[in-house]
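Engineer: A predicted structure for the sequence below; I have some questions about it.
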Amino acid sequence: QYLFNEFKGMTDLSPHTAIRLMYLSTYLSYDENYLKTGKNIILQAKMQDLMALKSETFRLFLKEVTEKGYLTKDDKGYSLCKEHFNKGKIRLVKPCSEKRFVRVYINTLRKLYLSTSQNRHSYLGYIFQIIPYVNMQWNIVCYNPLETDRDKIKPMTLGELYVMLAITLMKLKCSECSSK
């Protein structure tokens with residue numbers, strides 16, 4: 001089983017980068033957060049091969065996730081930020097209501113990613129970016145996903161959700177333009 005801290009939401013990433021990062025996270029080692037295939041550390045060339053991305057697309061992906069702190073490299077290899085990803089036993093520091101997790105099934109996510117063309121990755125990415133807005137108890141996309149009283153939930157319309165995601169995309173594009 002694989003767990004993802006959904007409270008952060010990856011809304012600071014472009015949708016196609018979000019799904020690519022989720023796919024990459026399926027290669028986390030148990031309780032270490034290093035990327036491995038079996039017992040072997042994943043090097044950059046192997047990472048690109050596993051992700052089935054062209055050189056330029058992979059370069060842009062790597063740049064985005066390292067600049068935002070999701071992926072780091074040290075002398076042991078590449079690792080993913082523990083605030084967002086965990087494979088293994090969860091060590092909760094905060095109460096469960098403040099730090100929620102969603103289980104992601106490795107083989108299912110890998111199959112879904114590899115069977116989706118690269119130009120459609122953003123559609124899968126939106127799914128992971130919506131997670132922070134989902135009230136897990138009532139299965140409602142809303143403004144207050146931690147609310148337990150159903151009568152106090154403030155649901156989002158599809159249009160409002162679209163606006164939230166569009167604003168996120170506009171902020172990302174503006175920050176990309178200003179950093180050039």
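Structural biologist: Received the coordinates, thanks.
Engineer: where in this protein is pLDDT low?
Structural biologist: 1-9, 90-101, 167-180 (pLDDT under 70).
Engineer: strands of that one, start to end?
Structural biologist: Using DSSP state E, the strands of the chain run over 2-5, 36-37, 40-41, 71-74, 77-80, 85-86, 101-104, 134-135, 140-141.
Engineer: closest one to residue 56 among these?
Structural biologist: The closest of the strands of the chain to residue 56 is strand 71-74. By C-beta to C-beta, the value is 17.7 Å. For every residue, glycine as well, the C-beta is placed using N, CA and C.
Engineer: quick check: buried residues in that closest one?
Structural biologist: residue 71 (16 or more other C-beta atoms under 10 Å).
Engineer: before we move on, the earlier item: of the strands of the chain, flag the one that's most buried.
Structural biologist: Burial of these is given as mean neighbour count (mean count of other C-beta atoms under 10 Å); strand 85-86 ranks first at a mean of 22.
Engineer: sheet-wise, list the partners of it with their directions.
Structural biologist: strand 2-5 (antiparallel) (DSSP bridges).
Engineer: measure residue 66 to residue 119 for me?
Structural biologist: Residue 66 sits 23 Å away from residue 119, going by C-beta to C-beta, to the nearest Å.
Engineer: which one's more surrounded, those two?
Structural biologist: Shown here are residue 66 and residue 119; by other C-beta atoms under 10 Å, residue 66 has more neighbours (13 against 8).
Engineer: any chance of JSON lines for the strands of the chain, columns distance to residue 110?
Structural biologist: As requested, the strands of the chain are exported to JSON lines (distance: least, C-beta to C-beta, whole Å):
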{"stretch": "strand 2-5", "distance to residue 110": "11"}
{"stretch": "strand 36-37", "distance to residue 110": "12"}
{"stretch": "strand 40-41", "distance to residue 110": "17"}
{"stretch": "strand 71-74", "distance to residue 110": "18"}
{"stretch": "strand 77-80", "distance to residue 110": "16"}
{"stretch": "strand 85-86", "distance to residue 110": "15"}
{"stretch": "strand 101-104", "distance to residue 110": "10"}
{"stretch": "strand 134-135", "distance to residue 110": "23"}
{"stretch": "strand 140-141", "distance to residue 110": "26"}
